[in-house]
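# Any chance you could fold what I've pasted below:
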Amino acid sequence: PPGCEDVDDALSCVKLKNGNFRVGVHIADVTNFVKPGSPLDREAAERATSVYLVNRRVDMLPRLLTTDICSLRCDGKDRVCFSAVFEM
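Numbering: from 1, shown residues only. Prediction:
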């Protein structure tokens, strides 16, 4: 959506020549950047989730990760993610 900065999940869909669709569900892999037991991991576990309020938000992870490095925005950059792709 317009104004969305922290795209941590995404869908893809391509129509195939046989008439079916290739559908992908993609989830940003923050574990590539947040190592288990690290100070960042402990802080994220303490926060448990990002909180969105009317006039501000409190991120579970630093903005650099959520809005840039791990964001699955359509900006042409390769991103690390977990994907499930299937044909239907």
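
# Show me what counts as buried in stretch 60-70.
60-61, 65-67, 69-70 (16 or more other Cβ atoms under 10 Å). Using the backbone N, CA and C atoms, a C-beta is placed for each residue, glycine as well.

# hey, where'd the strands end up in the chain?
9-15, 21-28, 51-52, 57-58, 81-87 (DSSP state E).

# Okay, angle between the second one and strand 9-15 too, please.
Between the axis of strand 21-28 and that of strand 9-15 there is an angle of 160 degrees, by axes from the mean of the first three to the mean of the last three Cα atoms, to 10 degrees.

# Strand 21-28 relative to strand 81-87, how many degrees between them?
Using the same axes, to 10 degrees, strand 21-28 lies at 170 degrees relative to strand 81-87.

# for this protein, what spans make up the helices?
With DSSP state H as the criterion, the chain has helices at 39-47, 63-64.
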